[in-house]
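**Student:** Build me a model from this:
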Amino acid sequence: MNKTELNSLTLEESKVYMMNIGEKGYRGEQLFQYFNKHLNLNLNELKQLPKETRNKLKEVGKVNEIEILERFDSKIDSTKKYLYLLDDKNIVESVLMEYKHGFTTCISTQVGCKMGCTFCASTKNGFIRDLTPAEMLNQIYMMEKDNNIKINNIVLMGSGEPLDNYDNTLKFINIIHEEKGHNISLRNITLSSCGVVPKIYDLAKENLPITLSISLHSPFDAKRAKIMPIAKRYSINELMNACKFYGDSTNRRLTFEYTLIEDENDGEKEAIELAKLLKNINAHINLIPLNSIKEFSKDRPDKKSIEKFKDSLEKKGLRVTIRREMGSDISASCGQLRRSYLENKLQ
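**Tutor:** The predicted structure follows:
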């Protein structure tokens with residue numbers, strides 16, 4: 001019999017669950033807050049519940065726990081990279097970054113990734129499974145406890161495609177936002193997708209005031225398909241239509257992630273086409289100089305070329321930033337640390 005994962009339940013689900021096992025509904029709120037407000041996982045220490053209730057929960061349910069396998073601290077800034085060991089011995093990673101406005105974390109939503117982007121380390125060992133809401137939440141809660149901090153901003157941009165794990169990702173957002181739990185503002189959550197078009201329409205209908213970030217990387221179908229296999233399924237025109245629908249439906253600005261690859265997507269023709277694509281979309285472009293991996297032979301452009309591309313886009317009326325690189329000495333880009341750890345383990 002599959003046991004219910006208690007710390008993957010929303011507040012309402014927790015109340016219903018308690019009533020279904022013969023307890024009062026308010027006990028569900030106590031259980032929910034124990035996990036998501038007080039950041040505890042040991043049911044034996046939940047003294048608000050009678051001992052017989054705790055024993056019943058342990059019999060019919062389970063608590064998903066992850067452990068910190070390794071933590072890597074950058075020597076050039078305050079970035080920290082975490083490798084987590086899941087209960088089935090799989091490994092995921094997260095990053096904790098400190099800015100003037102507070103702490104931001106980038107977490108994983110899947111073990112591995114099936115999207116196959118050529119320059120991304122997350123996908124090189126293939127897709128293993130989706131993460132549960134509790135496994136996403138625990139990445140955040142363990143960082144907070146480990147550093148005695150409160151995280152202000154959450155980015156779903158680690159290993160995996162959040163929209164490919166749609167239901168669990170939405171449930172995670174519901175739980176982390178719940179006022180009686182962790183109470184993170186939806187406006188402080190960014191969901192990054194490589195462009196799963198049908199799910200962008202679904203997400204638009206949820207009308208959540210989160211930030212949707214789209215990995216674009218080229219304004220041309222053929223070139224984009226070379227580095228992002230999902231582009232063979234959904235054309236840029238289909239993707240832009242979905243993005244326009246999302247922006248119009250939610251009245252939210254979209255971010256477009258654009259990884260700059262030397263002599264591949266950093267020319268004037270790309271800048272011209274990007275301006276055409278985004279002219280009717282409330283958009284912000286985030287330029288990301290390529291983080292090289294050994295399986296991808298291309299390089300990042302030099303600093304002068306990056307600034308030239310940014311200036312060209314701005315002259316065409318686009319809003320552009322260059323992502324500040326953090327934790328470069330600890331492989332802080334998604335998938336790099338997990339991949340190097342697995343490779344070293346197999347040697």
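
**Student:** And stretch 2-21, what's buried?
**Tutor:** Using 16 or more other Cβ atoms under 10 Å as the test for burial, stretch 2-21 gives 6-11, 13-15, 17-18. Backbone N, C-alpha and C define where each C-beta goes, glycine included.

**Student:** so how far is residue 111 from residue 216?
**Tutor:** Plainly put, residue 216 is 25 Å away from residue 111 if you go by Cβ to Cβ, to the nearest Å.

**Student:** In terms of neighbours, single out the busier of the two.
**Tutor:** In this view residue 216 and residue 111 are compared by other Cβ atoms under 10 Å, and residue 216 has more residues nearby, 27 against 22.

**Student:** Hmm, residue 257 and the more buried one touching each other?
**Tutor:** Yes - counting by Cβ atoms under 8 Å, residue 216 does reach residue 257; the two are 6.5 Å apart.

**Student:** how deep is residue 30 tucked in, by neighbour count?
**Tutor:** 17.

**Student:** How is the most far-flung residue of the chain relative to its centre assigned, secondary-structure-wise?
**Tutor:** Most distant residue from the mean C-alpha position of the chain: residue 52, 38.1 Å away (Cα atoms, centre = their mean). Assigned by DSSP: H, G, I helix; E, B strand; the rest coil, the conformation of residue 52 is helix.

**Student:** Could you check how far it is from residue 299?
**Tutor:** Distance from residue 52 to residue 299, by Cβ to Cβ: 63 Å.

**Student:** Spatially nearest residue to residue 144, not counting backbone neighbours?
**Tutor:** Distances taken as Cβ to Cβ, 6 or more residues apart in numbering put residue 151 closest to residue 144, at 5.8 Å, once the chain neighbours are dropped.

**Student:** Am I right that that neighbour sits in a helix?
**Tutor:** No - under three-state DSSP, residue 151 sits outside any helix and is assigned coil.

**Student:** Correct me if wrong: it contacts residue 101.
**Tutor:** No - using Cβ under 8 Å as the test, residue 151 is too far from residue 101 to be in contact (11.8 Å).

**Student:** Which of the two has more residues huddled nearby?
**Tutor:** More crowded of residue 151 and residue 101, by other Cβ under 10 Å: residue 151, with 21 against 8.

**Student:** Please give me every residue in contact with that one.
**Tutor:** By Cβ atoms under 8 Å, 6 or more residues apart in numbering, the contact set of residue 151 is 96, 102-105, 140, 143-144, 184.

**Student:** Any chance you could list what contacts stretch 21-41?
**Tutor:** 6-7, 9-11, 13-19, 46, 48-49, 53, 56-57, 60, 63, 65, 134, 137-138, 141, 144-145, 175-176, 178, 180-182.

**Student:** could you dump it to CSV, C-alpha only?
**Tutor:** Output of stretch 21-41 as CSV, limited to C-alpha atoms (Å, rounded to 0.1, in the frame of the first residue of the first chain):
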residue,chain,number,x,y,z
ILE,A,21,-8.6,9.1,9.4
GLY,A,22,-11.1,10.0,12.1
GLU,A,23,-9.4,13.1,13.5
LYS,A,24,-10.6,16.7,13.8
GLY,A,25,-10.0,19.0,10.8
TYR,A,26,-8.0,21.5,12.8
ARG,A,27,-5.4,18.8,13.5
GLY,A,28,-4.6,19.1,9.8
GLU,A,29,-3.7,22.7,10.2
GLN,A,30,-1.4,21.8,13.1
LEU,A,31,0.3,19.2,10.9
PHE,A,32,0.6,21.5,8.0
GLN,A,33,2.2,24.3,10.1
TYR,A,34,4.5,21.8,11.8
PHE,A,35,6.1,21.1,8.3
ASN,A,36,5.8,24.5,6.6
LYS,A,37,5.9,27.1,9.3
HIS,A,38,8.1,25.5,12.0
LEU,A,39,10.1,23.4,9.5
ASN,A,40,10.0,20.2,11.5
LEU,A,41,9.8,16.7,10.1
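
**Student:** which among the contacts of residue 151 gets closest to residue 84?
**Tutor:** Nearest to residue 84 among these is residue 143, at 9.8 Å by Cβ to Cβ.
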